[in-house]
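*Asks:* Sequence and predicted structure are below.
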Amino acid sequence: MKKKEIIQIAIFLIIGILLINTLMPFYTGSEQFMIVLSGSMVPLFLPGDIVITKSVDPNELNVGDVITFQVPGGKPGTFVTHRIISIGKFYSSTGEIRSFHTKGDANNVVDDFKVPAINVVGKLAFVIPFLGLLIDAFRTSKIFFILMVILPSGIIVLDEIRNMMIYNNPRRARKLEREQKKIAKKTYYKLEWSKLTQIILVSGLIFSGIVAFNLGDNGHIVLKSENKIDNSGFLPMVYTIKPDNPELMLDIYPWYGVLTPFNETKVNEYEVSAPDGVVAPSTITQFNEIVVTAPENTPAEISTVPYILPVFWIVELAEINPYLPAVAEILIYTSAFTLFLLPLWCKKKVRGRHKKKIGLKRTLALWKKTLNLR
């Protein structure tokens, strides 16, 4: 077995293992994905995003966790994803049961019900932006269905018919297979390392400059009772504040948010689609500055970065390190831009062309010598 074939098999195995590892939790039911319909948790995730929830023991949930649950007394199959603001208990015929009081981050009031532990579906694990819009369009739009399913399927069928007609003649089929094998053996891809290095360096510097110019305060701070945070950059900015004592997180209000660029106000309107008893605002206004209230002299870490990644991703990265969101933005956009320019640094080559050029030069030299040309 050739080295090239071994590498291809290894790549397919790695991809297969990753796919199985990713999809298996959905097959077993330990993870579920749902399309966001309302703006009650804006800006953590937006209508049209997909939220992935992971099964969890209700006894392990804490205040501040975002959970997906079925509304008590609501329609079967109707789920809500809100944040836990307090935890209580009530007694039933089966004994003591945990209950959770929840609230949407964008809501001004708490939910008018308490969620028993048995109604909890899982804890928010990940957010995929805008994918829900694509799925919804696929289900509801006939034009989208024709363009994305019928048309590609028709092209594939026509291509298969063409192949059947070509390979219908055994002699022609064998000849084509031999030619394709020859081409496959001669074809290879060459990485031009100098160009790749230049593209990475230049794009890295550009995106580093964009992120750095739009950064605010980052690192460890001591919060006062009122703390002004503003955005002086030209891009929207996400800020997150993580207190050293996690129990104080909800005492900081709002502990995360999105600020518009300097001297700009933005009004976002969302279609309200929420179950009875669940508040979902239809209009959310964003400003370029905000006053955050907190207990006096609260030590915390603040992270402010441009809003060029989903807010949930930024919040989760800031939980690890306040500088990590900025690093992730630079790496992700540099990598995406480098891949976009793939044809510049990864080129298709055919063995034998260089030799033909050399042969042509030698032939020209012989002609000149024969004709006594200089």
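*Replies:* Yes, it's here. The shown structure was predicted, so the numbers you read here are calculated from the model rather than taken from an experiment.

*Asks:* Parallel or antiparallel, which strands does the top strand by length along the chain pair with?
*Replies:* Ranked by residue count, the top strand of the chain under DSSP state E comes out as strand 79-92. Next to strand 79-92 in the sheet, as set by DSSP bridges, lie strand 66-70 (antiparallel), strand 95-103 (antiparallel).

*Asks:* where does the protein dip in pLDDT?
*Replies:* 1-2, 4-5, 183-186, 265, 267-283, 352-374 (pLDDT under 70).

*Asks:* Which residue ranges make up the domains of it?
*Replies:* Following automatic domain parsing, one gets these domains for the chain: 31-133, 208-340.

*Asks:* now the longest one, how far from the chain's geometric center?
*Replies:* From the chain centre to the centre of domain 208-340 is a distance of 17 Å (CA atoms, centre = their mean, to the nearest Å).

*Asks:* picking up where we left off before, other residues contacting the longest strand of the chain?
*Replies:* If you take CB atoms under 8 Å, 6 or more residues apart in numbering as the criterion, strand 79-92 is touched by 34, 36, 40-41, 45, 51, 53, 61-71, 96-105, 110-111, 114, 116, 121, 124, 250, 274-275, 278. All C-beta atoms are positioned from the backbone trio N, CA, C, and that covers glycine.

*Asks:* Please repeat the previous calculation with a cut-off of 7 Å.
*Replies:* 34, 40-41, 51, 61, 63-71, 96-105, 110-111, 114, 121, 124, 250, 275, 278 (CB atoms under 7 Å, 6 or more residues apart in numbering).

*Asks:* Please spell out the ChimeraX selection for the buried subset of those residues.
*Replies:* In ChimeraX, a selection of the buried entries from the contacts of strand 79-92 looks like this (16 or more other CB atoms under 10 Å):
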select :34,40,41,51,61,65,66,67,68,69,70,71,98,99,100,101,102,103,104,105,111,114,121,124,250,275,278
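
*Asks:* What helices and strands are in contact with the helix or strand hosting Glu316?
*Replies:* Using DSSP states H and E, Glu316 maps to helix 311-320. When contacts are defined as 3 or more CB pairs under 7 Å, 6 or more residues apart in numbering; DSSP states H and E, helix 311-320 sits against strand 237-243, helix 324-340.

*Asks:* Nearest to Asn218, out of the ones you listed?
*Replies:* Nearest of the helices and strands packed on helix 311-320 to Asn218, taken as CB to CB: helix 324-340 at 7.3 Å.

*Asks:* That closest one to strand 237-243, inter-axis angle?
*Replies:* Angle, helix 324-340 to strand 237-243, by axes from the mean of the first three to the mean of the last three CA atoms, to 10 degrees: 140 degrees.

*Asks:* residue ranges of the helices in this protein, please?
*Replies:* According to DSSP state H, the chain carries its helices in the segments 3-28, 131-140, 142-145, 151-166, 170-186, 193-213, 311-320, 324-340, 342-345, 353-370.

*Asks:* Mind putting these into TSV with mean neighbour count?
*Replies:* Shown next, in TSV, are the helices of the chain (neighbours: other CB atoms under 10 Å):
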stretch	mean neighbour count
helix 3-28	10
helix 131-140	14
helix 142-145	11
helix 151-166	10
helix 170-186	10
helix 193-213	14
helix 311-320	20
helix 324-340	17
helix 342-345	12
helix 353-370	10
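
*Asks:* would a markdown table of those helices with distance to Ile241 be doable?
*Replies:* Supplementary listing: the helices of the chain in a markdown table, determined by distance: least, CB to CB, whole Å:
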| stretch | distance to Ile241 |
| --- | --- |
| helix 3-28 | 32 |
| helix 131-140 | 29 |
| helix 142-145 | 41 |
| helix 151-166 | 47 |
| helix 170-186 | 57 |
| helix 193-213 | 19 |
| helix 311-320 | 9 |
| helix 324-340 | 13 |
| helix 342-345 | 39 |
| helix 353-370 | 60 |
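
*Asks:* so which of those helices comes closest to Ile290?
*Replies:* Nearest to Ile290 among the helices of the chain is helix 311-320 (14.6 Å), distances taken as CB to CB.

*Asks:* residues in contact with that closest one?
*Replies:* Against helix 311-320 from outside (CB under 7 Å, 6+ apart): 43-45, 127, 238, 240, 242, 256, 258, 303, 305, 324-325, 328.

*Asks:* So what's the residue count around Ile52?
*Replies:* 17 (other CB atoms under 10 Å).

*Asks:* wait, it sits on Glu31?
*Replies:* Yes. If you go by CB atoms under 7 Å, Ile52 and Glu31 touch, sitting 5.9 Å apart.
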